[in-house]
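# Below are the sequence and a predicted model; questions follow.
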Amino acid sequence: MSGLGPIRRVLVANRGEIALRVFRTCKALGLETAAVYSDADAEAAHVQAADRAVHIGPAAARESYLVADKVLAAAREAGADAIHPGYGFLSENAAFAEAVAAAGLVWVGPRAEVIRAMGDKQRARDLAEQAGVPVVPGSRRFAEGDTEGLAAEAERVGYPLLVKAAAGGGGIGMRRVDAPATLADTVWATQSMAAKAFGDGAVFLERFVPKARHVEIQVFGYGDGTAVHLFERDCSLQRRFQKVIEESPAPGLPEPVRAAMAEAALRLARAVRYEGAGTVEFIVDAESFAFFFLEMNTRIQVEHAVTEMITGRDLVAMQLELAAGQPGRLAQEAIAAKGHAIECRLYAENPAKMFMPSPGPLRIFRAPEAARDLRIDSGYREGDLVTPFYDPMLAKVIAWGPDRTAARRRAADALRAFAVEGIATNREFLLACLSDEAFASGDVHTGFIDSRRAQLLATGDKP
Amino acid sequence: MALVDVKTEITGNIWKIVAAPGSRLEEDEQILIMESMKMEIPVSAPESGVVVEILVAEGDTVTEGTVVARIEA
């Protein structure tokens, strides 16, 4: 009888490329697969690839993929004994993780209490601090009219800093201070603005990183306080806070910084007895390389393939084996990185129209052939309809090379060979990024796309 | 007085209708909010005027360029 410990059939509570990605490893491990699908996905590739498929409702995710009870009922109907959540949807929903376990099914992910703790920003920050992981320096709260010890607090936090309204959010009620001279006036003005806007004049100070990079560490925990890391990924190229290009190793990151970040991520993973694949995200000062904890994602990431390309490890297999109680424990020394990998996310969007989504029919959709140094993960096929109901990612193009320049060229060649017609995509924009001089030199930061958008749109592809 | 067609710039679903027929809107004021690929995208009045009719309902899927409302400018 085939199977992996108690697991014989895995239901993937997801859709598109990640469902297909998990199925691929399931099949390699001799496990049967079960899919769920909404009305919009009845003909989707992930449904056809699965051994069984269960319909779970209307197209809107909040009526299908996000409904825990429907997914659990589907698992029972499909005879699945384990649920892999993929990313997004219910993957970081602690109540769902509990419900899966309560239903007697194997949950392929960390314990619910860890998901819950990391989902609470303040709690996650506290846990990181307790584990000795650097967090963005911040001050105590200053209620309206209170400026007691303000200058000393500002010195401790460090300049440049942001004065933030405690009741604000999403960038509202935030002012930047570059030097002590303007601190008191800015605090006073922010307090009075916050009192009017939010009915609460309290503010606090937080270090501002003007030129920041987003670098994350892939960790894998064994649930008993031991964990290993699988190096970092630089995900600085973003638009609308969504990642566009990811790579590993992070270009130009000094070796001691890389090692310190990995060690910090491991301290947190060990402290919470983390179980399975997780990612500790950091904001890194692009000038000083000071790094600060941002958050921990308690699931497989979209960009996990980058790590797989440089390490040769299958993170989904590691997840499934651990969930089945059969972890092939890896020693840190056994994990080596080779070469460089770059992932480009091909999106159904129009860069010229502020990256507005562009759903529609994929009249032509021909990916270049995969190879040892090229991986294409996609949930779409030629003729498919890209609906407006889900995220705009059409495919992940992941290229490997012995060094960054080779990986960059391989990614560009693959994108040039990728034929997509019928809808607007960011293909040309990705090519412009890859051939951009600043990108080529490794000068990446989170403001890269915003600050160079016009130029990138104008130049396009430069083979 | 001219009747102005309000068109969508994207394909997506009508998430929320904000303005009712008969209401007076300033230029750029929201008429409805669309949802597409996990993004909320407002559709606003191209010029100030009175909403004559809303041609879609919440939950409808519309394609780029669809006339979703008419305004008497």
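Cool, the structure landed.

# Can you give me the buried ones in the lowest-mean-pLDDT helix or strand in chain B?
None of the helices or strands of chain B scores lower by mean pLDDT, DSSP states H and E than strand B:39-44, at a mean of 90. Residues of strand B:39-44 classed as buried: B:39, B:41, B:43-44 (neighbour count, 16 or more other CB atoms under 10 Å in any protein chain shown). C-beta here means a position set from N, CA and C on the backbone, and glycine is covered the same way.

# Could you tell me which strands that strand is paired with, and in which direction each runs?
Sheet pairing here is set by DSSP bridges, and for strand B:39-44 it gives strand B:30-36 (antiparallel).

# Spell out which parts of chain A neighbour chain B.
With CB under 8 Å from any CB of the partner chain as the criterion, chain A meets chain B at residues A:60, A:240, A:348-349, A:353, A:356-360, A:388-392.

# Mind checking which of those residues land in helices?
With helices taken from DSSP state H, there is no overlap with the residues of chain A next to chain B.

# which of those residues are buried?
The neighbour count (16+ other CB under 10 Å) marks A:60, A:348-349, A:356-360, A:388-392 as buried among those.

# taking these one by one, which sit in strands?
Among those, DSSP state E puts A:349, A:356-357, A:360 in strands.

# Out of those, flag the one nearest to residue A:113.
Residue A:113 lies nearest to residue A:357 out of these, by CB to CB, at 36.0 Å.

# Now compare the residues of chain A next to chain B and name the two farthest from each other.
Spanning the widest gap among the residues of chain A next to chain B are A:60 and A:353, at 24.2 Å by CB to CB.

# one step back: quick one: the buried ones among the residues of chain A next to chain B as TSV, columns for pLDDT too.
As requested, those are exported to TSV (pLDDT from 0 to 100):
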residue	pLDDT
A:60	92
A:348	97
A:349	96
A:356	93
A:357	94
A:358	95
A:359	95
A:360	95
A:388	95
A:389	95
A:390	95
A:391	93
A:392	95
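
# Give me the contact list for stretch A:451-463.
For stretch A:451-463, the external contacting residues (CB atoms under 8 Å, 6 or more residues apart in numbering or on different chains) are A:351-352, A:412, A:416, A:428-429, A:431-433, A:435-436, A:438, A:449.

# If you could redo that for stretch A:113-132, that was the one I meant.
Outside of stretch A:113-132, the residues within contact range by CB under 8 Å, 6+ apart are A:92-94, A:97, A:109, A:135, A:264, A:267-268, A:270-275, A:293, A:295-298.

# which of those count as buried?
For those, a neighbour count by 16+ other CB under 10 Å gives the buried set as A:92-94, A:97, A:109, A:264, A:267-268, A:270-275, A:293, A:295-298.

# just the buried ones among the residues of chain A next to chain B now: which is nearest residue A:76?
For residue A:76, the nearest member of these is residue A:60. The distance, counting by CB to CB, is 23.1 Å.

# In contact with the residue nearest to that closest one when sequence neighbours are not counted: list those residues for me.
Using CB to CB, 6 or more residues apart in numbering or on different chains and skipping the chain neighbours, the partner closest in space to residue A:60 is residue A:389 (6.3 Å). Remark: with contacts taken as CB under 8 Å, 6+ apart, residue A:389 is in contact with A:38, A:40, A:59-61, B:13, B:37.

# and if you look at residue A:23?
The contact partners of residue A:23, by CB under 8 Å, 6+ apart, come to A:12, A:33, A:35, A:46, A:49-50.

# Dump those residues into CSV; add secondary structure and pLDDT as well.
Output for the contacts of residue A:23, formatted as CSV (DSSP: H, G, I helix; E, B strand; the rest coil; pLDDT from 0 to 100):
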residue, secondary structure, pLDDT
A:12, strand, 98
A:33, strand, 98
A:35, strand, 98
A:46, helix, 98
A:49, helix, 98
A:50, coil, 98
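
# Adding neighbour count and distance to residue A:123 as columns, could you present those in a markdown table?
Converted to a markdown table, the contacts of residue A:23 look like this (neighbours: other CB atoms under 10 Å in any protein chain shown; distance: CB to CB, whole Å):
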| residue | neighbour count | distance to residue A:123 |
| --- | --- | --- |
| A:12 | 26 | 29 |
| A:33 | 25 | 35 |
| A:35 | 29 | 34 |
| A:46 | 24 | 34 |
| A:49 | 16 | 38 |
| A:50 | 24 | 36 |
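
# Show me which residues of chain B are close to chain A?
Proximity of chain B to chain A (CB under 8 Å from any CB) is limited to residues B:9-13, B:35-39, B:41, B:61, B:63.

# rerun that using 7 Å as the cut-off
Chain B comes close to chain A at residues B:9-13, B:36-39, B:41, B:61, as judged by CB under 7 Å from any CB of the partner chain.

# Which elements pack onto the helix or strand hosting residue A:407?
Following DSSP states H and E, one finds residue A:407 within helix A:404-417. Applying 3 or more CB pairs under 7 Å, 6 or more residues apart in numbering or on different chains; DSSP states H and E, we find helix A:404-417 packed against strand A:340-347, strand A:393-401, helix A:427-435.

# Let's see that with 8 Å instead.
Using 3 or more CB pairs under 8 Å, 6 or more residues apart in numbering or on different chains; DSSP states H and E as the contact test, the elements touching helix A:404-417 are strand A:340-347, strand A:374-378, strand A:393-401, helix A:427-435, helix A:437-440.

# Which one, of these, ends up nearest to residue A:163?
Judging these by CB to CB, what sits closest to residue A:163 is helix A:437-440, at 30.9 Å.

# What is the neighbour count of residue A:328?
Residue A:328 sits with 8 neighbouring residues when counted by other CB atoms under 10 Å in any protein chain shown.

# I'd like the distance between it and residue A:206.
Taking CB to CB, to the nearest Å as the measure, residue A:328 falls 42 Å from residue A:206.

# SS state for residue A:232?
Of the three states, residue A:232 takes strand according to DSSP: H, G, I helix; E, B strand; the rest coil.

# Contacts only, for it.
A:215-218, A:248-250, A:253, A:258, A:261-262.

# again, but for residue A:359
Residue A:359 sits next to A:348, A:385-388, A:392, A:423, B:11-12, B:36-37 when contact means CB under 8 Å, 6+ apart.

# Put the buried members of the residues you listed into a PyMOL selection.
Selecting only the buried members of those in PyMOL, with burial defined as 16+ other CB under 10 Å, works like this:
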select buried, (chain A and resi 348+386+387+388+392+423) or (chain B and resi 11+12+36+37)
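
# will you turn the contacts of residue A:359 into TSV that also has distance to residue B:70?
Listed next are the contacts of residue A:359 as TSV, based on distance: CB to CB, whole Å:
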residue	distance to residue B:70
A:348	30
A:385	29
A:386	30
A:387	27
A:388	23
A:392	30
A:423	28
B:11	20
B:12	20
B:36	22
B:37	27
